[in-house]
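Chemist: sequence below, structure please.
(one chain, ligands or ions: 1)
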Amino acid sequence: MIEIDNVVAGYSAEIDILRGMTLQAQRAEIVTLLGPNGCGKSTLLKTIAGFLLPRRGRIALQGEDVSQIPVHRKIRHGGLGFVPQTDNVFSALSVRENLLVGGHFLTAAACTKRIDELATLYPVLARKMDLRAASLSGGERQILALARALMPRPSILLLDEPSAGLSPKVLHEVFDAIVQVRDQEGVTILMVEQNAMEALRISDRAYVLAMGAVALTGAAGELMRDERVRELYLGGRTH
Ligand SMILES: Nc1ncnc2c1ncn2[C@@H]1O[C@H](COP(=O)(O)OP(=O)(O)OP(=O)(O)O)[C@@H](O)[C@H]1O
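Modeler: Predicted structure coming up:
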């Protein structure tokens, strides 16, 4: 569970990028963040992860206030997984080695067991376990990045544009993999997406951000039908 309450954050002392952000995501829920370029979606993920610490407000994960806890401690002890938009796998390492990096603070036996579980969840990785990540397709790399973040069994996963650069067919494979994480592992997923309509199809709820705060929120199905959302963020009245 993620609770963000009135968070203010920015990269320099003079400028606030997040200007009083309030939102929640429950267990086993996919929540998507939409909004125009520069409205603060990635900054919010970086602030929740702890790359950036909030100036004001509260961030709680699983009911615990972690507002001032930096990223490495949240990943190691706080049940947090984060998949950045770019550079999210090590190309020179094999699929298995990438997964081992994700589980570097687990015991060797726990790593082996978890790799077996993830190979069952994502057969595409099982088939390529000993190939270098450089040889994977864009979608396979995204699924590897997801699996690597899942190695320590996080209860919360932050995904920054998981469909970036993918064709529509591959996008569906990656989104199916995200739905599996929610349904089979009960993970709370907060994701930023440009592919608004496709993201809403797999989401439970969404927030539309504008200028560092929430402009609109609702169930994903409701937002897909909302004329204001369709015209502003979903490319008009298309379906
Ligand atoms: N490392 C940084 N240092 C300074 N300013 C930054 C940094 N990263 C982002 N910003 C600024 O913060 C604002 C919000 O950027 P952010 O990346 O959070 O937006 P976004 O909603 O994710 O946009 P997009 O959809 O284009 O990825 C922008 O004005 C951006 O220029």
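
Chemist: run through who's touching stretch 60-78.
Modeler: Stretch 60-78 is contacted from outside by 1-3, 5, 48-51, 53-54, 57-59, 79-82, 105, 152, 154-156, using CB atoms under 8 Å, 6 or more residues apart in numbering. (C-beta placed from N, C-alpha, C; glycine too.)

Chemist: quick one: terminal-to-terminal distance for stretch 123-130?
Modeler: In stretch 123-130, first residue to last residue: 13 Å (CA to CA, to the nearest Å).

Chemist: now do the buried residues in it.
Modeler: Within stretch 123-130, the residues that qualify as buried are Val124, Leu125, Lys128, counting by 16 or more other CB atoms under 10 Å.

Chemist: just the ones of those in helices?
Modeler: Assignment to helices by DSSP state H places the following of the buried residues of stretch 123-130 there: Val124, Leu125.

Chemist: of all the buried residues of stretch 123-130, the one with the weakest confidence?
Modeler: On pLDDT alone, Val124 ranks lowest of the buried residues of stretch 123-130, at 91.

Chemist: surely that one and Arg141 touch.
Modeler: No - counting by CB atoms under 8 Å, Val124 does not reach Arg141; the two are 10.7 Å apart.

Chemist: what's near enough to touch Leu166?
Modeler: Gly138, Gly139, Gln142, Val174.

Chemist: burial of Ile202, as a residue count?
Modeler: Here the number of neighbours of Ile202 (other CB atoms under 10 Å) works out to 18.

Chemist: how close does it sit to Leu80?
Modeler: Distance, Ile202 to Leu80, by CB to CB, to the nearest Å: 21 Å.

Chemist: repeat that for Leu223.
Modeler: 26 Å.

Chemist: roughly how far out does the helix or strand of the chain with the lowest mean pLDDT sit from the chain middle?
Modeler: In the chain, no helix or strand scores lower on mean pLDDT, DSSP states H and E than helix 227-233, which sits at a mean of 75. Here helix 227-233 is found 23 Å from its chain centre; the criterion is CA atoms, centre = their mean, to the nearest Å.

Chemist: elements contacting it?
Modeler: strand 205-210 (3 or more CB pairs under 8 Å, 6 or more residues apart in numbering; DSSP states H and E).

Chemist: each with direction, which strands does the helix or strand just after the strand it packs on pair with?
Modeler: The helix or strand immediately downstream of strand 205-210 is strand 213-219, counting by DSSP states H and E. Paired neighbours of strand 213-219 in the sheet (DSSP bridges): strand 205-210 (antiparallel).

Chemist: for the strand it pairs with, buried residues please.
Modeler: Buried residues in strand 205-210, counting neighbours by 16+ other CB under 10 Å, are found at Arg205, Ala206, Tyr207, Val208, Leu209.

Chemist: same question for stretch 80-88.
Modeler: Across stretch 80-88, burial judged by 16+ other CB under 10 Å covers Leu80, Gly81, Phe82, Val83, Pro84, Asn88.

Chemist: quick one: secondary structure of the residue nearest in space to the middle of the chain?
Modeler: The residue lying closest to the centre of the chain (CA atoms, centre = their mean) is Leu159, at 1.7 Å. The three-state label given to Leu159 by DSSP: H, G, I helix; E, B strand; the rest coil is strand.

Chemist: number of nearby residues for Gly63?
Modeler: Neighbour tally, Gly63, other CB under 10 Å: 7.

Chemist: helices along the protein, start to end?
Modeler: Along the chain, counting by DSSP H, helices occupy 41-49, 71-77, 95-102, 108-121, 123-126, 138-150, 168-185, 196-202, 220-225, 227-233.

Chemist: output the contacting helices and strands for the longest one.
Modeler: It refers to helix 168-185. Identification of packing neighbours for helix 168-185 by 3+ CB pairs under 8 Å, 6+ apart yields strand 30-34, helix 138-150, strand 188-192, helix 196-202.

Chemist: no more questions from me, cheers.
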